[in-house]
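Asks: I would like the atomic coordinates for the input below:
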Amino acid sequence: MQAQERIPEKKNHCYGAVIERRRGRKVTLELVCHGECPDGKCEKHSRRDHHGTTITWCGCSDRPDGCNIYIEKKHNGEERFDCFTLGCGDGTECLPVEQGSYEEDGEKVTIWVCACVKTKK
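Replies: Numbering: from 1, shown residues only. This is a model prediction of the structure:
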């Protein structure tokens, strides 16, 4: 089963999922878009800052919206993923949540999405 087929579907909401592949010390990240947009296409959008860092996310427009995952790629090629902290209610925080992992061809594959998670008091 392909990693993309393991990503849970959310109805009528554009969101991203990161597929993290690890082989030894080498890590690669892939952003996959899912869901629907009321007035357009759910697709990847990117922005580059004045330091040369690019942030890529899935959305209905070129503005980040809601609790959603993104990949940050620095000018030196280093990549990491995190969540936009938008759209969660009181007592919750937008955090990366593992949606599953498995071994494939000697790689550990982990699927990540962002979700509003209840914070501890």
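Asks: Can you report phi and psi for E79?
Replies: phi -120, psi 150 (degrees, to the nearest 10).
Asks: Tell me which residues touch it, please.
Replies: Contacts of E79 were listed using Cβ atoms under 8 Å, 6 or more residues apart in numbering, and they are V27, T28, L29, I71, E72, K73. All C-beta atoms are positioned from the backbone trio N, CA, C, and that covers glycine.
Asks: go on, G87?
Replies: Residues near G87 by Cβ under 8 Å, 6+ apart: D65, G66, C67, C94, C116.
Asks: which two from the residues you listed end up farthest apart in space?
Replies: Within the contacts of G87, D65 and C116 form the most distant pair, 13.7 Å apart (Cβ to Cβ).
Asks: Which one's more surrounded, those two?
Replies: More crowded of D65 and C116, by other Cβ atoms under 10 Å: C116, with 18 against 14.
Asks: And the more buried one, how far from D49?
Replies: In this view, C116 and D49 are 26 Å apart by Cβ to Cβ, to the nearest Å.
Asks: could you pull out the strands for this protein?
Replies: 15-23, 26-34, 43-48, 54-59, 67-73, 79-85, 92-104, 107-118 (DSSP state E).
Asks: Residues in contact with stretch 94-108: which ones?
Replies: Applying Cβ under 8 Å, 6+ apart, the set of residues contacting stretch 94-108 from outside is 3, 6-8, 17-18, 21-23, 67-69, 81-88, 109-117.
Asks: OK, contacts around the spatially most central residue of the chain?
Replies: Residue closest to the mean C-alpha point of the chain, counted by Cα atoms, centre = their mean, is I69 at 3.1 Å. Neighbouring residues of I69 by Cβ under 8 Å, 6+ apart: 15-18, 31, 57-58, 81-84, 96, 112-114.
Asks: Nearest to C42 among those?
Replies: Within these, the smallest distance to C42 is 6.1 Å, found for C58 (Cβ to Cβ).
Asks: partners of the closest one in the sheet?
Replies: Beta-bridge pairing for C58 (DSSP bridges): K44.
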